[in-house]
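Student: One predicted model, sequence on top.
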Amino acid sequence: MRITQRITTAVTVALTAWSPALEAQGLPDHSGFTAVLEERRHGGLVDYEGLEQHPEQLESYLAELSAVTPEELSAASREARLALWINAYNACALKLVIDHYPIRGAGFPASLVRSLKGVPGNSIRQISDTWSREFCDVAGKERSLDEIEHEILRPMGEPRIHFAVNCASRSCPVLAPEAYTAGALDEQLDAAVLRLVGDAAHYSLERGDRATLRLNKVLDWYEDDFGGKEGVVAFLLPYLPANDREYIAGHGPAAVEYFDYDWTLNDTAVFGPDAER
């Protein structure tokens, strides 16, 4: 990004963060993040190059999140808090990527270690302390992605968050086309589950003497949030196509297997803006 663009962005963020109107309005309506998604999200991919060159909308939205006070959060409904923290995770993940874009493999020997762990050279995991670094100010405190997901969102007891948060990787459940909001949260989270089970890269049913569900690896990592493997199947059943549900009912209990996880950055520069998913 050119120096003049960085200066312009810094000024915009500073003015937004200190705006009395912003401080008085409480929780943001998240329309600023919807604008980012409408411009930079392309199905399951993100135009990180364009976002890195023109981060003003994202930085303005992050400034809104920074200006929220703990008191405003405490007074908000559960739905409003869930929506805010889901959006915060996704917006902060975008920021982490563009702050290090273009991502290239770490130097030796770190690159070798990560390669042996199946981490591509252009993965968000090439960024040091990916999940634990405190870099994103939400509600007046520098947050890490781990804190947002594991210390704030997961304890709220809503397993559908795992279909909504996006870790900037090809195998991650994709970003929604709009920001999450309190008023539409239930429908939006259901839509996130349906997006995943409607995508052959994340869900398939193998028909045999016993039905076998092949699922996104995320559901393996967080199966405890669904009550174990049987809980994952029970949770998904209402979202599956009717013919799949009928087959599982006649060939159950269903076995569960998981796809390998692709940590490649979900970048239009890698896969092209018209790539599926």
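Tutor: On my side now, so go ahead. Numbers count the residues shown, from 1 in each chain.
Student: Can you give me the separation between residue 207 and residue 236?
Tutor: 16 Å (CB to CB, to the nearest Å). Quick note: C-beta positions are derived from backbone N, CA and C, even for glycine.
Student: One more: residue 250?
Tutor: For residue 250, the distance to residue 236 (CB to CB) stands at 17 Å.
Student: More neighbours: those two, which one.
Tutor: It is residue 236, of residue 250 and residue 236, that has more neighbours when counted by other CB atoms under 10 Å, with 22 against 8.
Student: In this structure the more buried one contacts residue 198, no?
Tutor: No - between residue 236 and residue 198 there is no contact under CB atoms under 8 Å: 11.9 Å.
Student: Break down this protein into its helices, ranges please.
Tutor: 3-17, 20-24, 31-40, 48-53, 56-67, 70-75, 78-99, 110-116, 145-146, 185-197, 218-221, 229-236, 242-250, 268-271 (DSSP state H).
Student: Mind giving me the packing neighbours of the longest one?
Tutor: What it means is helix 78-99. Packing partners of helix 78-99 (3 or more CB pairs under 8 Å, 6 or more residues apart in numbering; DSSP states H and E): helix 31-40, helix 48-53, helix 56-67, strand 136-138, helix 145-146, helix 185-197.
Student: let's see it at 6 Å
Tutor: Secondary-structure packing of helix 78-99 (3 or more CB pairs under 6 Å, 6 or more residues apart in numbering; DSSP states H and E): helix 48-53, helix 56-67.
Student: Could you list the residues in contact with the shortest one?
Tutor: Looking back up the chat, that one is helix 48-53. 1, 40, 97, 98, 101, 267, 269 (CB atoms under 6 Å, 6 or more residues apart in numbering).
Student: winner for burial among the helices and strands packed on helix 78-99?
Tutor: Stretch with highest mean neighbour count among the helices and strands packed on helix 78-99: helix 56-67 (a mean of 22; mean count of other CB atoms under 10 Å).
Student: residue contacts, the residue lying closest to residue 130 once chain neighbours are set aside?
Tutor: Among residues not flanking residue 130 along the chain, residue 124 sits closest, at 5.8 Å (CB to CB, 6 or more residues apart in numbering). Residues near residue 124 by CB under 6 Å, 6+ apart: 97, 130, 168.
Student: what about the protein, any weak spots by pLDDT?
Tutor: 1-25, 105-116, 273-277 (pLDDT under 70).
Student: State the distance from the residue nearest to the spatial centre of it to residue 64.
Tutor: By CA atoms, centre = their mean, the chain has its centre lying nearest to residue 166, at 1.7 Å. Separation of residue 166 from residue 64 (CB to CB) stands at 19 Å.
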